[in-house]
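Enquirer: predicted model and sequence below, questions to follow.
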Amino acid sequence: MQDSIKENIKNVKLKLDEAAKKSPYGNNPTLIAVSKTKPVSMLMEAYETGIRDFGENHVQEILEKYEVCPNDIRFHMIGHLQKNKVKYIVDKVFLIHSVDSLALAEVIEKESIKKNVESNVLIEVNVAREESKFGIFKEDTLALIKEIAKLPHVHIKGLMTIAPYVTNPEDNRRYFEELKALSIDIGNQNIDNVCMDVLSMGMTGDYEVAASCGATYVRVGTGIFGERNYN
Ligand SMILES: *Cc1c(COP(=O)(O)O)cnc(C)c1O
C-alpha cells in the first residue's frame, strides 16, 4: 500500500500533463495533495516525490501537522473556516481557499495585523448553486471582492469552487468554464489589491476536466492517498 502513494502521484501528474496539452490556456496546474485525515507519514511519502502543497480542512489538524512537518511545506486551507479559528492559522497557511463573506475576510484582516502577516485568499464560488455547499453565488462575487479588496492585509489571488459530485466528470465542465469566465471578467476590472491569477478547481473525480478549463491548482485527495476513513 505505502509506495502506491508515489505511483498515484506519478499517474495524476501524467494525466495533468495530458490535460494541459488539451487546454486552450496551456497551463499545467500545481497539484495540491489533499491530506486531511491522513497521517504525517503519508504526507512525507508525497513530500519525497517533490510535493510541497498540501490541502487540509480542519484547523486543529493543520496545527498538529504544521508542528512536525518540514517548514517548506505550504498548507492550503481548503475547508470552511470558522471566524473564531482564524487566529490559529493566519500565520501558518500559505493560502485560504474558502473565503465567502466580508465578515470572514474582516476577521482575517484583524488577525493578520495582530500576527504581522499578509494573508492570501481565494473567493469560494458556489457555481453550481448547491444548497449543501459553502461559497457565494456568481452574481454576488464582484461586489464581495470589491469590499474585501479594501482590506490592506488580505490579498485576493483568485477563485475557488467545489463542483458537484458526479459520475461523469464531463458534467462539471460547464461549471469550470463558468468559473474561468468569471475570473477573466473580474480580472478585467483591474481592482486594486485583487488579482485573478489563481483558479482552484478539480478534485479526484474531475481534475482532468478542470485542468483543461484553466485550473491553476487541482486538489486531489483520494486519488493520491486512497479513501478517507472518518472513524
Ligand atoms: C476533500 C477535499 C478535496 C479532495 O477530494 P478528493 O475527492 O478526495 O480528491 C478537494 N477539495 C476540497 C475542498 C475538499 O474538501
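Expert: Good, I have the coordinates. Numbering: from 1, shown residues only.
Enquirer: say whether the ligand is contacted by the top helix by length along the chain.
Expert: Longest helix of the chain, by residue count under DSSP state H: helix 4-22. No: Helix 4-22 lies out of reach of the ligand by Cβ under 6 Å from any ligand atom, never closer than 9.7 Å. (Each C-beta comes from the backbone N, C-alpha and C, glycine too.)
Enquirer: the helix or strand just after that helix pairs with which strands, parallel or anti?
Expert: Tracing the chain past helix 4-22, the next element assigned as helix or strand by DSSP states H and E is strand 30-34. Under the criterion DSSP bridges, strand 30-34 sits next to strand 53-56 (parallel), strand 217-220 (parallel) in its sheet.
Enquirer: now those strands as a markdown table including mean neighbour count, distance to the ligand and mean pLDDT?
Expert: Converted to a markdown table, the strands paired with strand 30-34 look like this (neighbours: other Cβ atoms under 10 Å; distance: least, Cβ to the nearest ligand atom, whole Å; pLDDT from 0 to 100):
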| stretch | mean neighbour count | distance to the ligand | mean pLDDT |
| --- | --- | --- | --- |
| strand 53-56 | 23 | 6 | 98 |
| strand 217-220 | 26 | 4 | 98 |
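Enquirer: got the residues of the protein near the ligand?
Expert: Contacts of the chain with the ligand, taken as Cβ under 6 Å from any ligand atom, map to 34, 36, 57, 78-79, 162, 203-205, 219-223.
Enquirer: now, which of these lie within helices?
Expert: Among the residues of the chain next to the ligand, DSSP H puts Thr222, Gly223 in helices.
Enquirer: give the ChimeraX command for selecting the buried subset of the residues of the chain next to the ligand.
Expert: A single ChimeraX command is used to select the members of those judged buried by 16 or more other Cβ atoms under 10 Å:
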select :34,36,57,78,79,162,203,204,205,219,220,221,223
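Enquirer: return the closest of the residues of the chain next to the ligand with respect to Asn28.
Expert: Closest approach to Asn28 among those (Cβ to Cβ): Val220, at 13.9 Å.
Enquirer: just checking, what packs against the longest helix of the chain?
Expert: Under the contact definition 3 or more Cβ pairs under 8 Å, 6 or more residues apart in numbering; DSSP states H and E, helix 4-22 sits against strand 30-34, helix 40-48, helix 207-212, helix 222-225.
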